[in-house]
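Enquirer: let me see the structure of the following:
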Amino acid sequence: MKKISLSLLALAGVLVTAESRAASINGVVNAEIVAPLEIVEDTQMDFGTLSTDGTPETVVMDNAGSVTCPSTMYCDGSTDAGVYTITGAPNGSVDVTVSDAVLSDGSGNTMSLTNDYGIKAGETLDGTGELVINVGGELAVAGDQATGIYSTSSVGGTAMTIDVNY
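Expert: Numbers count the residues shown, from 1 in each chain. Below you'll find the predicted structure:
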């Protein structure tokens, strides 16, 4: 009889020991949904009216819309930098990429635009979830550039694309 009691006690000790090694917890999982990003073009970039004397040149526009005209060119008219408003999560951090562009007169004549914004990582939306960016750039004008109205939206043009990501 003593042998059975002792075996039962030993078995109970094993059960207690095995039970004391187990543990569990309910883990917490969180997620935050933020406002989707949106971009609005407030002002189209416009280099104004240009004319060349036959010398290939580059017209430079700063991000405030002021144009530096080479001495061998005529630059006139109203000029504007491209202005874009980005909206999203208040105080959110975004990466902004602006591509270069090609302006076309729709007849096969083009000019290349190298923007001055490029890629900026870690831009911060303000407390209302807004960021305004101004984009200027350098417009390459050939010495024999054909007369006409040039645009990225004309046949043969390539748009300047603004990409924004959280």
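
Enquirer: now do stretch 87-97: everything it contacts.
Expert: Stretch 87-97 has contacts (CB atoms under 8 Å, 6 or more residues apart in numbering) with 34-38, 40, 86, 117-131, 133, 162-166. C-betas here are computed from N, CA, C, even on glycine.

Enquirer: pull out the buried residues from these.
Expert: The neighbour-count test (16 or more other CB atoms under 10 Å) marks 37, 86, 117, 125, 129, 131, 133, 162, 164 as buried among those.

Enquirer: so where does the nearest residue to the second one once chain neighbours are set aside fall, helix or strand?
Expert: For I86, ignoring the flanking residues on the chain, the nearest one in space by CB to CB, 6 or more residues apart in numbering is L131 at 4.5 Å. Secondary-structure assignment from DSSP states H and E places L131 in strand 130-135.

Enquirer: average model confidence for that strand?
Expert: Strand 130-135 shows a mean pLDDT of 98.

Enquirer: one more: stretch 39-48?
Expert: The average pLDDT for stretch 39-48 rounds to 98.

Enquirer: buried ones in it?
Expert: Within stretch 39-48, the residues scored as buried using 16+ other CB under 10 Å are 39, 45-47.

Enquirer: in TSV, list these along with secondary structure and distance to A81.
Expert: Below are the buried residues of stretch 39-48 laid out as TSV (DSSP: H, G, I helix; E, B strand; the rest coil; distance: CB to CB, whole Å):
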residue	secondary structure	distance to A81
I39	strand	16
M45	coil	6
D46	strand	9
F47	coil	10
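
Enquirer: pull the most distant pair out of the residues you listed.
Expert: The span of the buried residues of stretch 39-48, defined through CB to CB, is set by I39 and F47 at 21.9 Å.
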